[in-house]
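Engineer: Build me a structure from this.
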Amino acid sequence: MIRVDCAVCLGAASDDAGDVSLRVCRHVYHATCVDTWFAHCDAIEASRTCPTCRAVVRRGAFDAMCELATTILGIDAAVAIRDDPVAMADAMIHAFEQRRALRTEAVVSARLADH
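Structural biologist: Okay, here's the model as predicted:
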């Protein structure tokens, strides 16, 4: 167990207490503190960086899936299922299938109208 101070709030943090250790540099933060920092980075349209060393932090697959779900499903649906990755994936697959069916229907209608 590594005990360090969170660079955002200066409170005690550890890499085994549910706090976040950034993969790129291994600096440790409270999850809520680093989420606030990343939200700030997003708000000013800057790259997400480590608050301590400014190493660029790539978005994880789950973050990317949440962002995509918000775009496809809408914010309310994405927030409602954020804590359940399986439900989120199922909802997104269903939404994609609905969109594909609508597009197919539109293409068939257009082709029939041409003849």
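Engineer: Quickly list the domain ranges of this structure.
Structural biologist: 1-58, 59-115 (automatic domain parsing).
Engineer: tell me the mean pLDDT over the last one?
Structural biologist: It stands for domain 59-115. Domain 59-115 shows a mean pLDDT of 73.
Engineer: how about the domains of the chain in TSV, adding mean neighbour count?
Structural biologist: For the C-beta atoms, the positions are set from N, CA and C on the backbone; glycine is no exception. Formatted as TSV, those follow (neighbours: other CB atoms under 10 Å):
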stretch	mean neighbour count
domain 1-58	15
domain 59-115	12
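Engineer: which other helices and strands contact the helix ranked longest in the chain?
Structural biologist: If you go by DSSP state H, the chain has its longest helix at helix 85-114. The contact analysis (3 or more CB pairs under 8 Å, 6 or more residues apart in numbering; DSSP states H and E) places helix 85-114 against helix 61-73.
Engineer: So residue 4 belongs to a helix, correct?
Structural biologist: No: using DSSP: H, G, I helix; E, B strand; the rest coil, the secondary structure at residue 4 is strand, not a helix.
Engineer: What does the residue lying closest to residue 36 once chain neighbours are set aside show for phi and psi?
Structural biologist: Among residues not flanking residue 36 along the chain, residue 8 sits closest, at 6.9 Å (CB to CB, 6 or more residues apart in numbering). Main-chain torsions, residue 8, degrees, to the nearest 10: phi -80, psi -50.
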